[in-house]
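Peer 1: just to be clear, the model below is a prediction. Sequence and coordinates:
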Amino acid sequence: MLHICKLIPEESKINLFQTNGVYYKSDPTHELTMIKIKKEKMNRVFTKYHIKGLPFDLVIHHFKSVAGENAHDHPFAFQSIILYGGYTERIYTPTGESYDVFRAPGSTHTVAADCIHELIDLPKGECWTAILPQAKTREPGFWKFDEKGPWFRQWNKRWSRVK
């Protein structure tokens with residue numbers, strides 16, 4: 001079970017409580033604010049939980065496998081906190097050169113919006129992360145690399161060779 005209270009900064013832990021599966025917090029004026037959790041199933045092995053009602057954006061990621069993972073970038077930069085399991089990711093340059101990095105449970109790192117990466121291993125078979133997204137700065141996409149160079153596509157678009 002994921003305990004949301006451990007993910008909330010200390011200054012925001014003002015009377016956080018749960019009733020019938022809904023989280024509430026009271027602010028310094030003692031007004032109750034509902035914390036909503038929206039589940040977004042991205043595919044059969046990747047689920048996002050969008051946490052709304054905090055003084056910052058928070059998204060929990062749950063990865064159950066790296067099957068079907070594609071190299072991709074993001075619409076925003078974000079801070080990532082590895083909550084459970086850890087993972088190894090492959091980070092690419094736009095020309096396709098790459099290196100691997102292990103992200104251990106309890107570690108944090110920043111991901112730039114234009115960072116091209118993919119998960120390649122889940123040592124514990126699954127992984128939970130929390131991300132703190134920044135403002136959207138770009139349209140994200142998917143990447144693949146072959147002997148002729150890089151390919152790129154945005155969501156629901158065709159692949160095209162990157163010149």
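Peer 2: Ah, there it is. Numbering: from 1, shown residues only.

Peer 1: return the helix or strand in the chain with minimum mean pLDDT.
Peer 2: strand 17-19 (a mean of 54; mean pLDDT, DSSP states H and E).

Peer 1: hmm, residue 40 is touching residue 50, no?
Peer 2: Yes - taking CB atoms under 8 Å as the definition, residue 40 is a contact partner of residue 50 at 6.4 Å. From N, CA and C alone the C-beta is placed, and that goes for glycine too.

Peer 1: more neighbours: the two, which one.
Peer 2: More crowded of residue 40 and residue 50, by other CB atoms under 10 Å: residue 50, with 14 against 10.

Peer 1: bridging residues for the more buried one?
Peer 2: Per DSSP bridges, the residues bridged to residue 50 are residue 38, residue 59.

Peer 1: in contact with it, which residues?
Peer 2: The contact partners of residue 50, taken as CB atoms under 8 Å, 6 or more residues apart in numbering, are 37-38, 40, 58-59.

Peer 1: show the model's pLDDT score for it.
Peer 2: What the model reports for residue 50 is a pLDDT of 94.
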